[in-house]
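Undergrad: sequence first, predicted model second:
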Amino acid sequence: MQTLYPNYGRSAHARILPKAVLILLSLIAIKFSVSGQTCTGPMSGTYTVGSGSSCPDYATIAAVIADLNSRGVGGNVIVNIPAGYTETAPDTGFQLTFCTLPDSVKPNTNQTLTFQKNGAGTNPLITAPLWGVAGSNDAIFLFTSVDYLTIDGINLQENSSNTSIFTDYGFAFVKCDGTDGNNNNTIKNCTISLNTSNTASA
């Protein structure tokens, strides 16, 4: 006798497949819940650089900063950069600014932002861009009104191709306006090597 299942004509295999899909989706959800990253809306959790192509494993620091500029933060954000990693800054340097974002997605005491070396070995090394035109703030990293930021264990160096326009700053902090500056920021365990013939560099 044929056994009938209350499945409206579907086979037993057809009934098992949706359950397997649901289990797989649940495991994916658990993975992202445990790792704690958010890839839509304000950023929160731990992200990596140099091990992927998109959130939460970014190919470059530039890609992380692009997301931070558009999404802001919704919790503590840690960006892990592997020991020995290298990257050349984009044409205008790395520019992180929260000027146009609402206060709720800006770093504060409850939602800090950290870029740090991850793992044993040499510090990540970031090279300045090749400057085409001299600007007022030619910086490898330019932070505009960024608070509660920590940079830990990231080295910076001048681009050897910069022979007429030199890098002025490794890390530069500027303000959006007269009342919106940069507060409670820490830079530690970093080496900054710029051209010593440029008396304006810092």
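TA: Looks like it came in fine. Residues are numbered from 1 along each chain as shown.

Undergrad: CA atoms for contacts and neighbours, from now on please.
TA: Fine.

Undergrad: is it true that Ala59 touches Ile65?
TA: No - with contact defined as C-alpha atoms under 8 Å, Ala59 and Ile65 do not form a contacting pair (11.5 Å).

Undergrad: regarding Ser70, what is its secondary structure?
TA: What DSSP: H, G, I helix; E, B strand; the rest coil gives for Ser70 is helix.

Undergrad: tell me who's in contact with Tyr47.
TA: Taking C-alpha atoms under 8 Å, 6 or more residues apart in numbering, we find Tyr47 in contact with 37, 55-58, 77-80.

Undergrad: for it, helix, strand, or coil?
TA: strand.

Undergrad: that older thread, ok, and the most crowded of the contacts of Tyr47?
TA: Val77 (25 neighbours; other C-alpha atoms under 10 Å).

Undergrad: one step back: lowest-confidence entry in the contacts of Tyr47?
TA: Among these, Gln37 has the lowest pLDDT, at 79.

Undergrad: pLDDT score for Thr109?
TA: For Thr109, the model assigns a pLDDT of 97.

Undergrad: out of the contacts of Tyr47, flag the one nearest to Leu125.
TA: Asn80 (13.5 Å; C-alpha to C-alpha).

Undergrad: for Ile187, see how far away the closest one is.
TA: The gap separating Asn80 from Ile187 is 15 Å, by C-alpha to C-alpha, to the nearest Å.
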